[in-house]
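Undergrad: For reference, the sequence and a predicted model appear below.
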Amino acid sequence: MPKIIDHDQRRSDIIDVTWDLITKGGIEAATMREIASAAGFANGALKHYFPGKEDIIEATYERALSMMNSYISLEGRRGVDALREMCEKSMPIDEDRIQAGRVLLIFWQTSLSNPRLYDKYLEHLGTWRGMLHRMIVEGREDGDIRTAMPDEQLVDEIVLMNAGANVMSLVGPKFSTVELQQRHLDSFFERIARP
């Protein structure tokens, strides 16, 4: 009887291996040969699951974005409550999120020379910014956000605060402790509640 192969699981295993190679040695470490070797495949066997290295890298990038999104549960929340949840859960506050941030940072750099990754990141950023805008509008409707600062500026501040925390958690962890991140968020939410 022929062996049944779970192709989705194999793709997931390849992404796991690629993730590990990238977090340990950067994107340069994730060569087709290294990915195949670490996954236990012959070099050419990867083509059964991904057309090329760029597709494996893109799938690994999508995994990082998906991980970040999985921490956020906005069900039944709106306005400031949802906004705070999104801000807190997307910050690098534990080892899993720091690793996801590490992979995202590597992909941000790679996306500068890879149009597919660049477009994918812009799509993600557009979706994220759209959600932030919606929550800010709801917060204003609920009377919880009273600042005269324009919505676009608030969104920019959140995005920059999050990106900065992710970068600093990797290159200067003492400047991006969980306590410091929480103080920045508390300060932001106090300011937007004031007229």
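TA: It's in.
Undergrad: so where is the chain shaky, pLDDT-wise?
TA: Segments of the chain classed as low confidence (criterion: pLDDT under 70) are 1-5, 71.
Undergrad: Nearest residue to the middle of it?
TA: Leu65 (3.9 Å; C-alpha atoms, centre = their mean).
Undergrad: who's in contact with it?
TA: Listed by C-beta atoms under 8 Å, 6 or more residues apart in numbering, the contact partners of Leu65 are 104, 124. For every residue, glycine as well, the C-beta is placed using N, CA and C.
Undergrad: ok, the nearest residue to Ala100 once chain neighbours are set aside - how many residues close by?
TA: By the measure of C-beta to C-beta, 6 or more residues apart in numbering, the closest residue to Ala100 outside its immediate chain neighbours is Met67, 4.6 Å from it. Residue crowding around Met67 was assessed by other C-beta atoms under 10 Å; the count is 17.
Undergrad: Find the helix or strand that Met67 is a member of.
TA: Secondary structure from DSSP states H and E places Met67 in helix 53-70.
Undergrad: Show me what counts as buried in that helix.
TA: Going by neighbour count (16 or more other C-beta atoms under 10 Å), the buried part of helix 53-70 is 56-61, 63-65, 67-68.
Undergrad: Output those residues as CSV; include the columns distance to His184.
TA: Converted to CSV, these look like this (distance: C-beta to C-beta, whole Å):
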residue, distance to His184
Ile56, 36
Ile57, 32
Glu58, 32
Ala59, 33
Thr60, 29
Tyr61, 27
Arg63, 28
Ala64, 23
Leu65, 23
Met67, 22
Met68, 18
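Undergrad: Pick out the most distant pair among those residues.
TA: Ile56 and Met68 (19.4 Å; C-beta to C-beta).
Undergrad: separation between Met19 and Phe41?
TA: Careful, residue 19 is Trp and not Met. 16 Å (C-beta to C-beta, to the nearest Å).
Undergrad: Kindly report the same for Glu85.
TA: With the distance defined as C-beta to C-beta, Glu85 ends up 40 Å from Phe41.
Undergrad: neighbour count winner among these two?
TA: For Glu85 against Phe41, the residue with the higher neighbour count under other C-beta under 10 Å is Phe41, and the figures read 19 against 16.
Undergrad: how about the more buried one, secondary structure?
TA: With DSSP: H, G, I helix; E, B strand; the rest coil as the basis, the three-state label of Phe41 is coil.
Undergrad: residues contacting it?
TA: For Phe41, the contacting residues are Ile14, by C-beta under 8 Å, 6+ apart.
Undergrad: Got phi/psi on it?
TA: Summarising the backbone geometry of Phe41 under the convention degrees, to the nearest 10, its torsions are phi -110, psi 160.
Undergrad: need the contact list for Leu74.
TA: Residues near Leu74 by C-beta under 8 Å, 6+ apart: 82, 85-86.
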